[in-house]
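[1] structure, please.
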Amino acid sequence: MQRQPLPRLVDARKFAAIGTEIAATEPVVALTRFREGLASDRGVVEVDFHFYRDLQGFYRLDGKLNTEVDVVCERCLQAMAIGIEADFQLAIVWTDEQAKALPKSLDPLLVGEEGLVLAELLQDELILNTPFVNYHDVDQCSAPNSAEFAPAEDEVEVKAEGSSPFSVLGQLKPKD
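    Okay, here's the model as predicted:
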């Protein structure tokens with residue numbers, strides 16, 4: 001299936017009723033909410049959407065996304081590339097009551113009568129699947145003393161069984 005630009009607005013119910021599949025791309029620069037958490041707006045997101053009705057009669061949207069974006073390394077504060085891949089399975093609902101009636105295995109996608117904005121859904125999934133904190137490998141990080149962040153083998157302490165993590169507080173107690 002050839003990739004196309006991401007459609008802006010779709011009728012989720014109609015697409016699910018006829019079993020529509022969409023293979024699309026969207027530049028990161030067009031995804032403003034997602035872009036705010038990145039180091040640059042470089043990259044293109046490839047996404048596959050499959051709208052259908054399952055055997056239980058639920059309207060469904062299954063998707064898969066793939067991209068490479070630049071995030072900030074928390075040690076050196078420089079840009080670093082990461083790959084993001086995610087699969088998601090959503091049940092399309094129009095009311096809160098329908099969402100509450102879904103099986104626990106399905107996440108609801110609340111859609112209004114005006115339609116589904118695919119770029120908003122894509123941004124939500126990208127934000128949910130982007131690691132909150134990112135670090136270069138220690139040997140690739142340009143932060144000064146980045147090697148100090150990795151514990152040496154002889155520095156790892158093993159606590160004796162039964163020792164309390166609060167035992168050090170006894171040393172702080174004033175002596176009479």
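
[2] got the contact list for the spatially most central residue of the chain?
    Closest residue to the average C-alpha location of the chain: Asn129 at 1.1 Å, with C-alpha atoms, centre = their mean. Taking C-beta atoms under 8 Å, 6 or more residues apart in numbering, we find Asn129 in contact with 65, 84-86. C-beta here means a position set from N, CA and C on the backbone, and glycine is covered the same way.

[3] put the buried members of these into a PyMOL selection.
    Applying 16 or more other C-beta atoms under 10 Å to these, the buried members can be selected in PyMOL as follows:
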select buried, resi 65+84
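
[4] inside helices: which ones of the contacts of Asn129?
    Within those, no residue falls in helices by DSSP state H.

[5] out of the contacts of Asn129, which is nearest to Ala24?
    Distances from Ala24 to these, taken as C-beta to C-beta, are shortest for Leu65 (10.0 Å).

[6] hmm, back to that, relative to Phe49, how far out is the residue nearest to the centre of the chain?
    16 Å (C-beta to C-beta, to the nearest Å).
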